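*Asks:* test case, fold it:
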Amino acid sequence: MRMEQIDGSSAVAQAAFSRTTVLIILALWLVLVVTSGQLIIIAPILPVIGDTFQIGEVKLGLLGLAYAGTLMVMALVAGPISDRVGRRVILLIGTGSMALVLLLHWVASSYSMLMLVRLLTGMAGGVLSGSVVAYVGDYFSYERRGWATGWVMSGVAAGQIVALPAAVWLAFRMDFRMPFVLFGFIMALAYLMILLFVPQPAVVRSTERLALRPAVMNYAELIRDKATGGAVWAYFLMLGSGGLFLFFLAEWLETVHALTGPQIAGLFVAVGAVNLIGSPAGGRLSDHVGRKPVIVLMCVLLAAALVATTWVISGLLTAYLFIGLLVLLVALRMSPMYALMTALVADDRRGSLMSLSISFGQFGFGVGAAVAGILYARFGYISNTIASALLALMMGVVIWHLLPEPPMSVRKAEGPGRE
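*Replies:* Numbers count the residues shown, from 1 in each chain. Prediction:
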């Protein structure tokens, strides 16, 4: 395991901050706006897709499985490649291919063609999945990494805020393909910004031969290691908890509290705005007090709030307020988690760790969603919230006991691309 070197900030790094940082963060932010937005728009427009192609729930569900499956595989492939060739090259490949396949949604005139472009979109998403956060770890010193990660990750919330109303309006008023095309043009802009303004950080690259056996052995070593293996399992628990809570949230709100579809859509837009604020705040706070204290505290508070969900929410207003609180606690935890993970390995293994963690996280979300269905059918939504809370607490325990943290006395590393 590697800890960042203690070093003083340089005039070169300060100058680089004033010229390039805003453009770098904006470019990476746009990438996450699109990757999160194009994924979340599937849910509200599924009825339109079903009516367009005259297909049922099973085939509609396969669209999500196709995306998630190819994303998991490609993330594991792209991680070691990004460690070898550099993060900038992978970001260009990922944003360019994502822009192209999103634009190709316009010619998806049948279910089979739509399935194909969703498979391709998952592949592009897999290429990008770990590269954005890995780039932040490459470029920014540990001292500023929470701040930078927070702003970049706020793109996920921005994608949610933009995606839901845009998807509903464009899909229902024009064509369900239009939201994907819109995000395709935005991703093309992100590609141009990376090409023109995002440099390759001056970090050590992997010299490992690009082959299946070394990649598998590298991943196995990461899982066996106490710190990196702990990070992978913490990510699994984090998304598993999310799957347990989220998968039947909308149905519970609709059946028990009589919330309508537009009200639930508005709820997700509103909590996206909370996430937009909480993500940078959590990152900045962790820069001052440390990553682990913030993550563990938020896990404990989140677990308590999750257990209280079914008692507190009684209608539209309490749903907005309380779920907004839950999302705030998640957002305050997310940026410190990413920032801490980027410091657990050397530069030439960061992409592999992030890709492995994201793949495990996707699997965790799927497991959580599957278990959520069983619990919801047998015991009701309260069982989902309790199980989600238990996983949140387990994540806090794993973080506290297994993940080390560099001392907060670390300073900015000198050299280009390391602010």
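
*Asks:* which residues are contacting stretch 299-317?
*Replies:* With contact meaning C-beta atoms under 8 Å, 6 or more residues apart in numbering, stretch 299-317 is reached by 241, 245, 253, 257, 259, 263, 318-319, 322-323, 325-326, 329-330, 333, 381-382, 385-386, 388-390, 392-393, 395-396, 399. Any C-beta I mention is one placed from the backbone N, CA and C, and that applies to glycine too.

*Asks:* among the residues you listed, name the ones in helices.
*Replies:* Among the contacts of stretch 299-317, the ones falling in helices (DSSP state H) are 241, 245, 253, 257, 263, 318-319, 322-323, 325-326, 329-330, 333, 381-382, 385-386, 388-390, 392-393, 395-396, 399.

*Asks:* picking that back up, buried among the contacts of stretch 299-317? Need that as a selection in PyMOL.
*Replies:* Buried residues within those, by 16 or more other C-beta atoms under 10 Å, are selected in PyMOL with:
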select buried, resi 241+245+253+259+319+322+323+325+326+329+330+333+381+385+386+388+389+390+392+393+395+396+399
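
*Asks:* and the helix or strand containing residue 93, what does it pack onto?
*Replies:* Element membership of residue 93 [criterion: DSSP states H and E] is helix 87-104. Other helices and strands packing on helix 87-104, by 3 or more C-beta pairs under 8 Å, 6 or more residues apart in numbering; DSSP states H and E, are helix 11-40, helix 57-85, helix 111-129, helix 131-139, helix 178-197.

*Asks:* burial count for residue 255?
*Replies:* When neighbours are counted by other C-beta atoms under 10 Å, residue 255 registers 11.

*Asks:* host element of it?
*Replies:* Counting by DSSP H and E, residue 255 is found in helix 249-257.

*Asks:* for that helix, packing partners?
*Replies:* Helices and strands touching helix 249-257, by 3+ C-beta pairs under 8 Å, 6+ apart, are helix 261-289, helix 316-342, helix 381-402.

*Asks:* now the angle from the first one to helix 11-40?
*Replies:* So the one you mean is helix 261-289. Relative orientation of helix 261-289 and helix 11-40, computed by axes from the mean of the first three to the mean of the last three C-alpha atoms, to 10 degrees: 160 degrees.

*Asks:* report the angle between whichever helix or strand comes after helix 261-289 and helix 381-402.
*Replies:* Proceeding N to C from helix 261-289, the next assigned helix or strand is helix 291-312, under DSSP H and E. Going by the same axes, to 10 degrees, helix 291-312 is angled at 170 degrees with respect to helix 381-402.

*Asks:* using PDB, write out every CA atom in helix 291-312.
*Replies:* These are the backbone C-alpha positions of helix 291-312, laid out as PDB (Å, rounded to 0.1, in the frame of the first residue of the first chain):
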ATOM      1  CA  ARG A 291     -11.800  10.800   5.400                       C
ATOM      2  CA  LYS A 292     -12.500   7.900   7.900                       C
ATOM      3  CA  PRO A 293     -14.300  10.000  10.600                       C
ATOM      4  CA  VAL A 294     -16.600  11.500   8.100                       C
ATOM      5  CA  ILE A 295     -17.400   8.200   6.300                       C
ATOM      6  CA  VAL A 296     -18.000   6.300   9.600                       C
ATOM      7  CA  LEU A 297     -20.100   9.000  11.100                       C
ATOM      8  CA  MET A 298     -22.300   9.200   8.000                       C
ATOM      9  CA  CYS A 299     -22.700   5.400   8.000                       C
ATOM     10  CA  VAL A 300     -24.000   5.400  11.600                       C
ATOM     11  CA  LEU A 301     -26.300   8.400  11.000                       C
ATOM     12  CA  LEU A 302     -27.600   6.900   7.800                       C
ATOM     13  CA  ALA A 303     -28.300   3.500   9.400                       C
ATOM     14  CA  ALA A 304     -30.300   5.200  12.100                       C
ATOM     15  CA  ALA A 305     -32.300   7.200   9.500                       C
ATOM     16  CA  LEU A 306     -32.900   4.200   7.300                       C
ATOM     17  CA  VAL A 307     -34.500   2.300  10.200                       C
ATOM     18  CA  ALA A 308     -36.800   5.200  10.900                       C
ATOM     19  CA  THR A 309     -38.000   5.600   7.300                       C
ATOM     20  CA  THR A 310     -41.300   3.800   7.500                       C
ATOM     21  CA  TRP A 311     -42.200   5.500  10.800                       C
ATOM     22  CA  VAL A 312     -41.300   9.000   9.700                       C
END
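
*Asks:* next, the buried residues of it.
*Replies:* Buried residues in helix 291-312 (16+ other C-beta under 10 Å): 291-292, 294-296, 298-299, 301-303, 305-307, 309-310.

*Asks:* kindly report the same for stretch 99-106.
*Replies:* Judged by neighbour count (16+ other C-beta under 10 Å), stretch 99-106 contains these buried residues: 99, 100, 101, 102, 103, 104, 105.

*Asks:* pull the distance from that stretch to the chain's centre.
*Replies:* Offset of stretch 99-106 from its chain centre (C-alpha atoms, centre = their mean, to the nearest Å): 21 Å.

*Asks:* hmm, who's touching that stretch?
*Replies:* In contact with stretch 99-106 (C-beta under 8 Å, 6+ apart) are residues 34, 38, 114, 117, 120-121, 124, 177, 180-181, 183-185, 187-188, 190-191.

*Asks:* the residues you listed, buried ones only, as a ChimeraX selection?
*Replies:* Restricted to buried positions by 16+ other C-beta under 10 Å, the ChimeraX selection for the contacts of stretch 99-106 reads:
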select :34,38,114,117,120,121,124,177,180,183,184,187,188,190,191
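
*Asks:* list the contacts for residue 358?
*Replies:* In this structure, residue 358 makes contact with 75, 129, 130, 235, judged by C-beta under 8 Å, 6+ apart.

*Asks:* how much space separates it from residue 342?
*Replies:* Noted for residue 358: a distance of 13 Å to residue 342, by C-beta to C-beta, to the nearest Å.

*Asks:* ok, residue 79 next?
*Replies:* Counting by C-beta to C-beta - residue 79 and residue 342 are separated by 13 Å.

*Asks:* three-state assignment of residue 208?
*Replies:* Classification of residue 208 by DSSP: H, G, I helix; E, B strand; the rest coil places it in coil.

*Asks:* and residue 203, by the same measure?
*Replies:* Assigned with three-state DSSP, residue 203 falls in the coil class.
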